[in-house]
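> Dropping the sequence and predicted coords here.
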Amino acid sequence: MHVKPLADRVLIKPLEAEESKRGGIIIPDTAKEKPQQGEVMEVGPGRVGEEGDKIPMEVKKGDRVLYGKYSGTEVTVDNIEYLIMRESDIFAIIG
């Protein structure tokens with residue numbers, strides 16, 4: 001299934017949180033912190049400004065980005081979890 005975000009929204013696949021061990025104890029998935037990095041899978045066409053002109057997106061497909069811990073809405077497509085968020089919720093492009 002193909003997902004195309006609308007306006008200034010971005011479809012992001014979160015990067016897996018690194019598994020950490022503390023003193024030989026494996027931390028369960030429920031106690032792990034949410035990842036704050038992901039890969040942009042799809043981008044919308046951009047938002048329309050007040051004067052009717054289209055404002056292009058700064059991120060593009062394939063960018064690795066840094067976003068807020070609780071940003072976006074979680075969606076599942078073909079058993080893969082993604083986040084959909086506005087471009088303004090993205091803090092930086094990594095790399």
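Cool, the structure landed. These figures come from a predicted structure and were not determined experimentally.
> which residues does E39 contact?
Counting by CB atoms under 8 Å, 6 or more residues apart in numbering, E39 touches 12-13, 15, 62-65. Every C-beta, even on glycine, is put in place using the N, C-alpha and C of the backbone.
> which of those residues sit farthest apart?
Farthest pair in the contacts of E39 (CB to CB) is L15 and G62. Separation: 13.4 Å.
> which of these two has more neighbours?
Taking other CB atoms under 10 Å, L15 and G62 do not tie; L15 has more neighbours (14 against 8).
> ok, and the closest non-adjacent residue to the more buried one?
Nearest non-adjacent residue to L15, counting by CB to CB, 6 or more residues apart in numbering: Q37, 4.8 Å away.
> Would you check that that neighbour makes contact with I94?
Yes - in this structure Q37 lies within contact range of I94 using CB atoms under 8 Å: 6.7 Å.
> Can you check which residues contact both of these two?
Shared contacts of Q37 and I94, defined by CB under 8 Å, 6+ apart, are found at 64-66.
> Highest neighbour count among the contacts of E39?
Busiest of those [other CB under 10 Å] is I12, holding 28 neighbours.
> ok so, going back, okay, and which of the contacts of E39 map to strands?
With DSSP state E as the criterion, strands contain 12-13, 64-65 from among these.
> just curious, which of the residues you listed is nearest to M85?
I12 (6.7 Å).
> what residues does stretch 44-58 touch?
Defining contact as CB under 8 Å, 6+ apart, one finds that stretch 44-58 is touched by 4-10, 43, 87, 93.
> try stretch 86-95
8-10, 37, 43, 57-59, 63-68, 71-72.
> Any idea how many residues pack against K54?
11.
> do the same with L66
12.
> try S88
When neighbours are defined as other CB under 10 Å, S88 has 10 of them.
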